[in-house]
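Enquirer: Structure of the sequence below:
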Amino acid sequence: MGTNATMQCETMSLLSPPGMSYFDSKKKRKLAKIYQALSSDPIDVATLRCMAIGEGGLLTDEIRCKVWPKLLSINTDDLPPLPGKELREDNKDFQQVLLDVRRSLRRFPPGMPDDQREGLQEDLIDIILHVLKRNPQLHYYQGYHDIVVTILLVVGDRLATALVEKLSTHHLRAFMNPTMDSTKHILNYLMPIIDQMNPEVHDFMQSAEVGTIFALSWLITWFGHVLSDLRHVVRLYDFFLACHPLMPIYFAAVIPQDLPYETLISRAGDLFVQFPPSRLAREAAQQQAERTAASAFKDLELASGQQRRDAVLRQCFRKWPRGEERTKSILAKPRMPRTRTNRFAKLAVMGLAVMGLTVAAAVARSALEWAPKFELQIFP
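Expert: Coordinates of the predicted model:
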């Protein structure tokens, strides 16, 4: 990693709560594996992916500064220059980006000095406009800034610019089309996953006609807007960066469960292994989302020249205790008969949609406060 990038990462990591002053033996072994993988020639990206997926993720922001670029095949010795303020002139997205960034106060660590936070907000605007300027095929959406600010807080502005551009042209590509069609197609994967995980809940939600709109903000912000604790957000980003671009929809399916946070991540991985996107596409009868996200994913794999992430994911989850048995127990649940419902049941399921966040709040202290622009302003 270049000297400037390294110094900036070490500075930015101070923004996160320490919490890692003491490492037990398990964490020490994990740290040793991460640094060994980073020092390998060539760098052992497959091991880094497993470390990002496994319990606890990458442990510290300092490590994330070193590993996140490797997961996205970014050369930190040749980072682009910082974006300038001139990008704001006559930019069609500037006003909307400005409004969204101004509303992002809660995304910054509590107690951060106002001048520091305001400086980061200015950096946030410039990074977003820079990526959009360099990639005119990309279209800004409300919620994009929630992903960018998380990366900015961890790695600083210069490295964040490179990371965000790579993510925008690969993992987030489906969300940045001119219309929401691709995003809605990806949301259609949610019900088939829930069906495999819990047929009774699936049938109830289907009969209640609740749809999948409740998960929209989770998906397009990578849960960055709805989780209040930055530590939980960056732990999820470790997981998502190391996995297939569709992994957030698997995680969305396991959220309405009162389980420990790491168990939710593990279960999402189990479901991905057992029910890959290709199988879900057939069940959902929606092929477009797979073509959009998977083609971008394939491009990234060709660019990186590293082991396929889905293969690494399968390898990693096979090593997790009782992963296979846990998945089998999920799949062994008998199908329940379909039941009739009324508007009260539908309201109950809509409550479950928010309850998904309430349950997550018990695990990850999340809150739903976001109102994205989606068709006819479905959210109030």
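
Enquirer: Okay, helices next: where are they in the stretch 51-200 of the chain?
Expert: Remark: helices of the stretch 51-200 of the chain, listed N- to C-terminal, are 61-71, 94-102, 114-134, 144-155, 157-168, 181-187, 190-197, 199-208; assignment by DSSP state H, counting those that start in this stretch.

Enquirer: most packed of those?
Expert: Relative to the other members of those, helix 144-155 carries the highest mean neighbour count by mean count of other Cβ atoms under 10 Å, namely a mean of 25. All C-beta atoms are positioned from the backbone trio N, CA, C, and that covers glycine.

Enquirer: Against which helices or strands is that helix packed?
Expert: For helix 144-155, the helices and strands in contact under the criterion 3 or more Cβ pairs under 8 Å, 6 or more residues apart in numbering; DSSP states H and E are helix 3-12, helix 61-71, helix 94-102, helix 114-134, helix 157-168, helix 230-241.

Enquirer: Show me the shaky parts of the chain.
Expert: 1-23, 257-258, 284-380 (pLDDT under 70).

Enquirer: right, and the helices of the stretch 51-200 of the chain - which one's nearest residue 274?
Expert: Distances from residue 274 to each of those were compared using Cβ to Cβ; the minimum, 7.3 Å, belongs to helix 190-197.

Enquirer: now the angle between helix 199-208 and that closest one, please.
Expert: With axes from the mean of the first three to the mean of the last three Cα atoms, to 10 degrees as the criterion, the two stretches helix 190-197 and helix 199-208 enclose an angle of 150 degrees.

Enquirer: if we can go back for a sec, pipe the helices of the stretch 51-200 of the chain into CSV and attach distance to residue 271 per row.
Expert: What follows is the helices of the stretch 51-200 of the chain, written out as CSV (distance: least, Cβ to Cβ, whole Å):
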stretch, distance to residue 271
helix 61-71, 21
helix 94-102, 32
helix 114-134, 31
helix 144-155, 23
helix 157-168, 23
helix 181-187, 15
helix 190-197, 6
helix 199-208, 13
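
Enquirer: that older thread, next, format the helices and strands packed on helix 144-155 as CSV and append distance to residue 211.
Expert: What follows is those, written out as CSV (distance: least, Cβ to Cβ, whole Å):
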stretch, distance to residue 211
helix 3-12, 39
helix 61-71, 33
helix 94-102, 25
helix 114-134, 29
helix 157-168, 27
helix 230-241, 24
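
Enquirer: do you know which of those lies nearest residue 34?
Expert: Nearest to residue 34, of all the helices and strands packed on helix 144-155, is helix 61-71, at 6.0 Å by Cβ to Cβ.

Enquirer: if we can go back for a sec, looking at the helices of the stretch 51-200 of the chain, which is nearest to residue 246?
Expert: When the helices of the stretch 51-200 of the chain are ranked by proximity to residue 246, the top entry is helix 181-187, at 6.8 Å, counting by Cβ to Cβ.

Enquirer: and the closest one, what does it pack onto?
Expert: In terms of contacts (3+ Cβ pairs under 8 Å, 6+ apart), helix 181-187 is packed against helix 216-220, helix 288-304.

Enquirer: How about residue 183, nearest residue that isn't a chain neighbour?
Expert: Residue nearest to residue 183 in three dimensions, not counting chain neighbours: residue 175, with 5.3 Å by Cβ to Cβ, 6 or more residues apart in numbering.

Enquirer: is it true that the one you found touches residue 221?
Expert: No - with contacts counted by Cβ atoms under 8 Å, residue 175 stays clear of residue 221, the gap being 9.5 Å.

Enquirer: These two: which is more packed in?
Expert: residue 221 (25 against 22; other Cβ atoms under 10 Å).
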